[in-house]
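Peer 1: Build me a structure from this.
(one chain, ligands or ions: 2)
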Amino acid sequence: MNTELVKISVTDGEQKYIKAADYLKGGQVVGMPTETVYGLAGNAYSPDAVKRIFEAKGRPQDNPLIVHISEFSQLYELVSEVPDKAKKLADEFWPGPLTMILPKSDKVPLCVTAGLDTVAVRCPSHPVARRLIEISGMPLAAPSANLSGKPSPTKAEHVFEDLNGRIPMIIDGGECDEGVESTVITLATPVPKLLRPGNVTLSQLKSVLGDVQVDNAVLNPLKADEKVSSPGMKYKHYSPEAEIILVRGSYESFKNYVNGFSGENIYAMVFDNEGEGLSVLSIKYGKEDYKNLAHSLFDSLRELDKKGAQKCFVRYPDENNDDNLAVLNRLLRAAGFKVIDV
Ligand code: TXA
Ligand code: MG
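Peer 2: Ligands and ions are numbered 1, 2, ... in the order given. Coordinates of the predicted model:
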């Protein structure tokens, strides 16, 4: 199959979306930009389309998808009940990078939720994603548009790298603003629980909901017998080919440690104002400021593969800053929880 790349900008009219909408109406899947990362979209009500999503990504069958809507009112047909907490969260954070998990309605096929009785729903703010949902006239099931296990795509070219020949179309809407996937919170538990941190932060959630628990798997590896709240947490994630090792400590100590290594396939990933005095090659992953790090994290991880890196030592973001939770969560998974204290 040939994969067509189509540029669509915010100012483009409906005409530009017709081919993509036709693919979606026909049960096909399309790469689409969102403000977080690119998604691989298909009709959430079509088991055929959902099957294609799983196949194109090579996604494990037990990992459920997020359903994307363009209006809050569409939530009513996807879930069995809309609690006050959901209304409050939507008032504050939708459209935007927040996914809510709620008991599903009968309309949502079990293949979307991987057999669970809950469904994940998000209303993205990206204007191209919103228009696509409106024009195609259906809620869109969409996981991140990477091959399963790879870093999530933040540019159309990343989607092309992973899915060229496997899907008919990718909409290029430019680079994603946020760069990490949405915050996932479940409202299907007595106390709301954060399952995946994102740019809607824990303190923002608490300011609306009061009590919010944090799932153990956010910052810790799963124990062998531990029950998962979110199937996505089981899998190795966000991994470039290179071995990622997090190094916790000051830049001076980081430098001393890393300079004990040499070789052209060994890299260091450092903050923007660093890199001096290192004996290995370095790539930058942003200012030590959470949104900035999130923005370029996955792109930097993909860069490592392009450079043929075999090992990469990564600066550890400030863990006492709650806002760093999203980046820390992704890095810990990319590193398989390998952290060295220096
Ligand atoms: O920002 C995002 O959320 C992006 C864009 C495309 O919207 N999408 C995304 O989807 O990251 P995906 O499939 O890569 O991640 C969805 C996560 C997975 O960890 C999955 O296990 C979890 O949400 N999830 C989905 N439905 C769930 C449910 N019913 N219960 C618990 N976890 C669920
Ligand atoms: Mg994903």
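
Peer 1: So which bits of the longest helix seen in the chain are buried?
Peer 2: If you go by DSSP state H, the chain has its longest helix at helix 290-307. Applying a neighbour-count criterion of 16 or more other CB atoms under 10 Å, one finds 290-304 buried in helix 290-307. Heads up, the C-betas are built off the backbone N, CA and C, glycines and all.

Peer 1: Same question for stretch 185-197.
Peer 2: Buried, per 16+ other CB under 10 Å, within stretch 185-197: 185, 186, 187, 188, 192, 193, 194, 195, 196, 197.

Peer 1: what ranges do the strands span in the stretch 1-150 of the chain?
Peer 2: Ranges of strands in the stretch 1-150 of the chain, per DSSP state E, counting those that start in this stretch, are 4-7, 30-32, 39-43, 66-68, 98-103, 118-122, 140-141.

Peer 1: The first one - what's its average pLDDT?
Peer 2: If I follow you right, that is strand 4-7. Strand 4-7 shows a mean pLDDT of 98.

Peer 1: same deal with the shortest one?
Peer 2: Confidence for strand 140-141, expressed as mean pLDDT, is 98.

Peer 1: picking up where we left off before, mind saving the C-alpha coords of the longest helix of the chain as PDB?
Peer 2: Only the C-alpha atoms of helix 290-307 are listed here, as PDB (Å, rounded to 0.1, in the frame of the first residue of the first chain):
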ATOM      1  CA  TYR A 290       9.000  20.700  32.000                       C
ATOM      2  CA  LYS A 291       7.000  21.700  28.900                       C
ATOM      3  CA  ASN A 292      10.200  22.300  27.000                       C
ATOM      4  CA  LEU A 293      11.600  18.900  27.800                       C
ATOM      5  CA  ALA A 294       8.300  17.200  27.000                       C
ATOM      6  CA  HIS A 295       8.200  19.000  23.600                       C
ATOM      7  CA  SER A 296      11.400  17.500  22.300                       C
ATOM      8  CA  LEU A 297      11.800  14.300  24.300                       C
ATOM      9  CA  PHE A 298      10.500  11.800  21.700                       C
ATOM     10  CA  ASP A 299      12.100  13.600  18.800                       C
ATOM     11  CA  SER A 300      15.500  13.400  20.700                       C
ATOM     12  CA  LEU A 301      15.000   9.600  21.400                       C
ATOM     13  CA  ARG A 302      14.300   9.100  17.700                       C
ATOM     14  CA  GLU A 303      17.400  11.200  16.800                       C
ATOM     15  CA  LEU A 304      19.500   8.700  18.700                       C
ATOM     16  CA  ASP A 305      18.500   5.900  16.400                       C
ATOM     17  CA  LYS A 306      19.200   8.000  13.300                       C
ATOM     18  CA  LYS A 307      22.700   8.600  14.700                       C
END
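
Peer 1: Any idea how far that helix is from the middle of the chain?
Peer 2: Relative to its parent chain, helix 290-307 has a centroid offset of 13 Å by CA atoms, centre = their mean, to the nearest Å.

Peer 1: same for it, what does it pack against?
Peer 2: helix 156-163, strand 266-270, strand 281-284, helix 325-334 (3 or more CB pairs under 8 Å, 6 or more residues apart in numbering; DSSP states H and E).

Peer 1: Show the average pLDDT along whatever helix or strand comes next after it.
Peer 2: Next along the chain after helix 290-307, taking DSSP states H and E as the criterion, comes strand 311-315. When pLDDT is averaged along strand 311-315, the result is 97.

Peer 1: Let me see the contact set for residue 33.
Peer 2: 126, 128, 129, 156, 171, 172, 173, 174, 176 (CB atoms under 8 Å, 6 or more residues apart in numbering).

Peer 1: go again using 6 Å as the cut-off
Peer 2: By CB atoms under 6 Å, 6 or more residues apart in numbering, the contact list for residue 33 reads 126, 128, 173.

Peer 1: What about the nearest residue to the second one once chain neighbours are set aside, how many residues nearby?
Peer 2: When you say that, I think you mean residue 128. Nearest residue to residue 128, sequence neighbours excluded (CB to CB, 6 or more residues apart in numbering): residue 173, at 4.1 Å. Neighbour count for residue 173, taken as other CB atoms under 10 Å: 26.
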